[in-house]
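**Student:** The following block contains a protein sequence and its predicted model.
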Amino acid sequence: MIELQNIHKSFGRTEVLHGIDLAVKQGEVVVILGPSGSGKSTLLRCINFLEKPDQGTVRIGEMTVSAAHASRAAILALRQKTAMVFQHYHLFRNKTALENVMEGLVTVKRLPKREAEAKSLHFLEKVGLQDRLHFYPAQLSGGQQQRVGIARALALEPQAILFDEPTSALDPELVGEVLEVMKALAREGMTMLVVTHEMNFAQEVASHVVFMDNGVIVEEGNAATFFHQTHSERTKQFLQRVR
Ligand code: ADP
Ligand code: MG
């Protein structure tokens, strides 16, 4: 479903991704672990060209875009294949939950308003927010705001969803409701790439686990074995810290 080949990315003179290869099969949940600054967000953002890689290719489904010749049209088309869920939700403060989900459908997908609304209702219901449709972000808890973020991603009907630390900004008591929604999506076969520090989620839900450090994939493996196998020193240290 997704295949990254030799992704390099620098900011100024500092290379932060040193040639990443990664493959995600349809219906897989790939969890990306790694210390702060290791390049996890940059990697996710390279998949949809929110950051343009300096080198390498991204394939999503049938579409391949290489850094060397990525036209604007190709980038826009590639971007429509995935949706992103951010740590800080990125909701419009002056729009209700319903309007936030509708926004991309109306402006990017060009759906008629009525159709956008029906679709948005459906996905807000799916994340359990049918009774919060007309609430503004400030009137919602962090967990509810993030569920709006997930409904917004789902409404775009992407081939895969990229989650960048979706629960890191939440108070501990609100983490569970967001993880439950994500688990339900995983069970339904949604292809997901998830950057997270939630080890229980990773152990329970991931099909594949990737450990990144300093812009490289240090280790990766089947989720069933990853947490039990012998690790490199770097992975071991990280796992000890987050557990
Ligand atoms: P992570 O998500 O694993 O914490 P990031 O991908 O956010 O890591 O960052 C990787 C490295 O790239 C860090 O050193 C960070 O400071 C740097 N970086 C990220 N985004 C930018 C940017 N827009 N400009 C300059 N440096 C950046
Ligand atoms: Mg990050």
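**Tutor:** Here it is on my side, so go on. Residues are numbered from 1 along each chain as shown. Ligands and ions are numbered 1, 2, ... in the order given.

**Student:** so how far is the lengthiest helix in the chain from its chain's centroid?
**Tutor:** In the chain, assigned by DSSP state H, the helix with the most residues is helix 172-187. Mean-position distance between helix 172-187 and its chain equals 14 Å (Cα atoms, centre = their mean, to the nearest Å).

**Student:** ok, and for it, which residues are buried?
**Tutor:** By 16 or more other Cβ atoms under 10 Å, the buried positions in helix 172-187 come out as 174, 175, 177, 178, 179, 181, 182, 185, 186. Using the backbone N, CA and C atoms, a C-beta is placed for each residue, glycine as well.

**Student:** Save those as TSV, and put in distance to ligand 1 and pLDDT too.
**Tutor:** Shown next, in TSV, are the buried residues of helix 172-187 (distance: Cβ to the nearest ligand atom, whole Å; pLDDT from 0 to 100):
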residue	distance to ligand 1	pLDDT
174	21	96
175	19	97
177	24	97
178	18	98
179	19	98
181	22	98
182	18	98
185	22	98
186	22	97
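
**Student:** Out of the residues you listed, which comes closest to residue 195?
**Tutor:** residue 182 (12.2 Å; Cβ to Cβ).

**Student:** which bits of this structure sit near ligand 1?
**Tutor:** Within the chain, the residues that sit near ligand 1 (Cβ under 6 Å from any ligand atom) are 11, 16, 34, 36, 37, 38, 39, 40, 41, 42.

**Student:** Please, where are all the helices along this structure?
**Tutor:** Using DSSP H, helices in the chain cover 40-47, 72-79, 97-107, 113-126, 142-155, 172-187, 199-205, 223-226, 233-242.

**Student:** now those in CSV, with distance to residue 66?
**Tutor:** As requested, the helices of the chain are arranged in CSV below (distance: least, Cβ to Cβ, whole Å):
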stretch, distance to residue 66
helix 40-47, 12
helix 72-79, 9
helix 97-107, 26
helix 113-126, 33
helix 142-155, 26
helix 172-187, 30
helix 199-205, 31
helix 223-226, 30
helix 233-242, 30
